[in-house]
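Peer 1: below is the sequence, then the predicted model.
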Amino acid sequence: MRKILCSIVILAFPFFILILSHLAYSQANLPADEIIRRSQAAFYYPGTDMKAKVLMKLVTKDGKERIRDLTMLRKNLDKEGGEQRYFIYFYKPPDVKDMTFMVWKYPGKDDDRWLFIPAINLVKRIAANDKRSSFVGSDFSYEDVSGRGAEEDNHSILKEEAFNGKDTYVIKSVPKDEGSVDYSYKVSWIDKESFIPLKEEYYDKRGELYKVFTADEVKEIQDFPTATKRTMKNVQSSHRTEVTFEEVGYNNGIGDEIFSERYLRNPPQKWIR
Amino acid sequence: MRRRIVEFSVSHPKRVIFFMLFITFLFGTQLPKIKTDTDPKHMLPATSPVRQYNDQVEEWFGLHADVMVLGIRNDEGIFNPGTLKRIEQVTEEILKIQGVIARDVIGFSTVDDVESSGDILEAHPLLSKIPETKEEIEAFKKHVLGNPLLVGRLISKDGKTTAVYIPIEKTANGKEIADQIKRIIIKEEGPEKFYLAGDPVVRDTFGVEMFKQMGFFSPVSGMVMFVVLFLMFRNRTLVFANMAVAMMSIIWSMGLFIGLGVPVHIMSSMSPVFLMAISTDTVHIFNEFYFRFKELGRKREALFETMNAVSTPVLYSDLTTAAGFASLAIGHIIPVRIFGLLVAFGTIVILLMSFTFVPAVMALMKEENLKKITFKEDIKTSRASAILFKIGELSLYKRKAVVLVGLFLLILSIFGIKQIKINNNMVTWFKKNSEVRIADQILNENLGGTSTLYLVTTSSKEDVMKEPEVLLYIESLQGYLEKQPLVGKTLSVADYVKRVNRVLHQDEAKYEVIPESREAIAQYMFLFSMAAKPRDLDNLVDYPYEKANIIVQLKTWDAVDTEKLIEDLKSYFAKHPLPGVELKPAGIAYFNMVWNHEVLIGMLEGFILSSILVLFLLILDYKSLKWGIISFIPLFFTIILIYGFTGFVGKDFDMPISVLSTLSLGMAIDFAIHFVSRFKQRLKETSNIEDALLWTIARPGKGIIRNAILFAVGFSPMIFAALTPYITVGFFMMAIMILSAVTTIIYLPALIYLFQRWLIKGTSHNQNKGFGGVGK
């Protein structure tokens, strides 16, 4: 019996090695598309839902600031890469307090967006045909906030290198539809372990560096690596936007009903508080 | 001292010539290091307060100092798929040009348009999809022409002209970018016409053109001058001597400045023409030499006597010239300073050559040749001298009439001067039919205007610019502005707030008003920043909402018009004040206006300094205050007459003229110096005022006329230049030299004869005393 067991182990060993090495191999040689897909999942889809207080600071070249403080609720309706809903409540600046904003995000199709303007008690739908336009005047575009479909670009691995002490994939993404974006290509440094993009460089149509994104602080929150401090800098105008995520929580059990016009007008106190 | 230098040069001519050529060679070795700087922006001192304030305004509102305007016009209207497609293509190509600030280019395909379609608020580039069908095109046209944010700025009322506003980097050269844009335009085949205008295009094209034209006109001027010189003296050696003096002064001065690492600015590029003209001062030496040689027949003695006679006037006339140019150095504009010092140094080189190189070359001339060419050179046989003699008689015997005519002209000129308009307009530095000027004109006729003024409403508290009453005030101020004939279009944060209000209310026209609550205004602006590019608002209101910017497009580049508008605004603001808010102008139009003033004041200071220096040198020369004043009169007369004329023909007193006035003083006085010096010498010899005056008119007078003609001839080719400041320089210099020669020959003798008792105590007077029986 022991002999049989022994021989099984011995016989199985090469297969075991084979499987192991295959696993290791595939890990090391992920195709670029797969890296981006995983990165999108890690960055935009962790948990079934998320709640965070987002503090945005818009800083001009000469140091003048504007503040946007908001609560962001996100819920995944689908698996990663699928449909999502966002609810945003603004605290600051004080005169826009109680403004709310909602996004229904669909893969492969324009989002639906609604904005509530309390001063005239009006909910307005906003067309979303330009995902590259600025989000609340910041250097982040809508797409930077809610993600860009991995299939919209052609990705290629440029190299693998250490970045800020982390092993990263350096990936170049060239948009398939050149006319739909304000840049010609993007280079991302993606952490091999967490798949969080640590840095992104956007190059303009002339091939000159234009915007730089950095994840300045990444924390594990409920086992999800989360970029709690981020900066997007427009290197051409020297304008930058600094973002801090506070009170981040995943899997809160936010109900679907929150993402509706009713709640836009009457923000759910439980969540936005 | 002067005498010993001349003696040495005449005794060792070859050594002196070789030595001078060697020094010239040394200066010449510096020339290949030449650095040129065609950028007229560098004329502006970086530290002037208006410039600093302007820079700040640009920073507050994310504005750009240099913006080009590309006008696209289709006489059939631009609303057709072909034209719209080409607008899109051209814009796309322009965005790729190095130096263009692509993110802030504003045109049909880059400007954000916020509109309401159904219940959806839509923001997208105005021309995001080219309309194809007739219905689509009509709808698009109606939409564009119905948007007050666009009409006058991006589309003309008649729908035939559109514009692309192209900001460029401060370090970029407008002319180079303009050329690249032109290459893009040429590729487009269609019925559209393209017009490129705006400050950087005008300025930088001017800079490049100025250099080009100088490269052409310097040699042409030189050639014409030397041909005329040859016709006057019929001797190649003399022409060579003069040419060599001109070249050496150019090489020494250029070599020195290049060697010191000073870049050659557009202004300095004019210095060769001036130095060539100034070098014709040696004509007085040749002129006298021909007469003396004819009298004496021996070259060496004639040469010494000539130098003896003319050395003092040559010395002082060159010194006054140098002083006139050096006076430019007190102005604020660096290239003008460098130009002044460069020509002043060159003039001193010419002075040095007059006592060394020129006599040395003359010492090498063959006596037989001289005999042949000086055959007619005698007051009695020379035709020119004969005519001058007649003129002299007229001047002396009809002295009262001459002086009265002069006074009459002077009074007339004062009326002319009163009409002088101090103004500056860079666009008019190009000729009427030039590309730059046509582009500017077409754009000003059809769109809001190519020149920009910013009116910054400033408060000291945050969020003031969100208050309804402040926006209402801005709105009414805009209403006032747009009633002014030269204001084409105004744009402010109020316009955007009104637009958003309307769009949010189903595009109903009655909602095109400022909302009543501050919250609504703040939320509209916030909404705008969620829908469109933030820069559209950033250009109009600063980050803390303390300041707002009203962009005023002007249809003119005239500094006087800006000045009047700002005066009017001041009184408007005084009548309708807004507590806690100040109104301050900025922008290129205001900047040009203030700069214009600074330049003129600088030049006025230079003018006064130069007058004082010249008068001082005159008094030093004659050791007499009275004679100093008397010889200053022809210059004074000339200047007044020319300004009077400038006023009568309605030419603006602009920057080129103000610079010319200062430097011309030192040159225009030269003739009077020659005249008075030689007259005083002659008076000592003959003791008869009348004879001495007639002799001076006929003999040194011939030299003066020769010099004036050469001078005028040297500047005459500039009249054919493509840039109007050169034409001005050409005319102005010709007029000033000829007029000052004529006043020196006609007016000055009449004055001297009339005031002889006051001027000349002693010698000559004693002679007449016996007969006239008057005086002390």
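Peer 2: Received, thanks. Residues are numbered from 1 along each chain as shown, chains lettered A, B, ... in the order given.

Peer 1: strands of the stretch 1-150 of chain A, start to end?
Peer 2: Secondary structure of the stretch 1-150 of chain A (DSSP state E, counting those that start in this stretch): strands at A:49-59, A:65-76, A:84-92, A:100-105, A:112-117, A:122-126.

Peer 1: and if you look at chain B?
Peer 2: Along chain B, counting by DSSP state E, strands occupy B:36-37, B:66-73, B:112-117, B:120-125, B:161-168, B:193-197, B:264-265, B:451-458, B:487-491, B:547-554, B:582-586.

Peer 1: make a markdown table out of the ones you listed and add distance to chain A.
Peer 2: From N, CA and C alone the C-beta is placed, and that goes for glycine too. Listed next are those as a markdown table, based on distance: least, CB to the nearest CB, whole Å:
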| stretch | distance to chain A |
| --- | --- |
| strand B:36-37 | 26 |
| strand B:66-73 | 16 |
| strand B:112-117 | 8 |
| strand B:120-125 | 4 |
| strand B:161-168 | 11 |
| strand B:193-197 | 21 |
| strand B:264-265 | 30 |
| strand B:451-458 | 14 |
| strand B:487-491 | 19 |
| strand B:547-554 | 11 |
| strand B:582-586 | 16 |
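
Peer 1: on that earlier part again, figure out which of the strands of the stretch 1-150 of chain A is closest to residue B:544.
Peer 2: Among these, the nearest to residue B:544 by CB to CB is strand A:65-76 (8.0 Å).

Peer 1: which strands or helices does that closest one pack on?
Peer 2: In terms of contacts (3 or more CB pairs under 8 Å, 6 or more residues apart in numbering or on different chains; DSSP states H and E), strand A:65-76 is packed against strand A:49-59, strand A:84-92, helix A:269-272.

Peer 1: just name the most buried of these.
Peer 2: Greatest average neighbour count among the helices and strands packed on strand A:65-76 goes to strand A:84-92 (a mean of 21), per mean count of other CB atoms under 10 Å in any protein chain shown.

Peer 1: how close does residue A:271 sit to chain B?
Peer 2: Distance, residue A:271 to chain B, by CB to the nearest CB, to the nearest Å: 21 Å.

Peer 1: same check on residue A:205?
Peer 2: Between residue A:205 and chain B the distance is 6 Å, computed by CB to the nearest CB.

Peer 1: which residues touch that residue?
Peer 2: Residue A:205 sits next to A:182-184, B:95-96, B:102 when contact means CB atoms under 8 Å, 6 or more residues apart in numbering or on different chains.

Peer 1: please identify which helix or strand holds it.
Peer 2: If you go by DSSP states H and E, residue A:205 is not part of any helix or strand.

Peer 1: quick one, phi/psi of it?
Peer 2: The phi/psi pair for residue A:205 (degrees, to the nearest 10) reads phi -70, psi -20.

Peer 1: any chance of the strands of chain B in CSV, plus mean neighbour count and mean pLDDT?
Peer 2: Shown next, in CSV, are those (neighbours: other CB atoms under 10 Å in any protein chain shown; pLDDT from 0 to 100):
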stretch, mean neighbour count, mean pLDDT
strand B:36-37, 16, 72
strand B:66-73, 25, 92
strand B:112-117, 19, 80
strand B:120-125, 19, 80
strand B:161-168, 25, 93
strand B:193-197, 22, 91
strand B:264-265, 24, 78
strand B:451-458, 24, 92
strand B:487-491, 22, 91
strand B:547-554, 25, 93
strand B:582-586, 19, 90
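
Peer 1: nearest to residue A:41, out of those?
Peer 2: Closest approach to residue A:41 among those is made by strand B:120-125 (29.9 Å; CB to CB).

Peer 1: partners of the closest one, with directions?
Peer 2: The strands beside strand B:120-125 in its sheet (DSSP bridges) come out as strand A:122-126 (parallel), strand B:112-117 (antiparallel).
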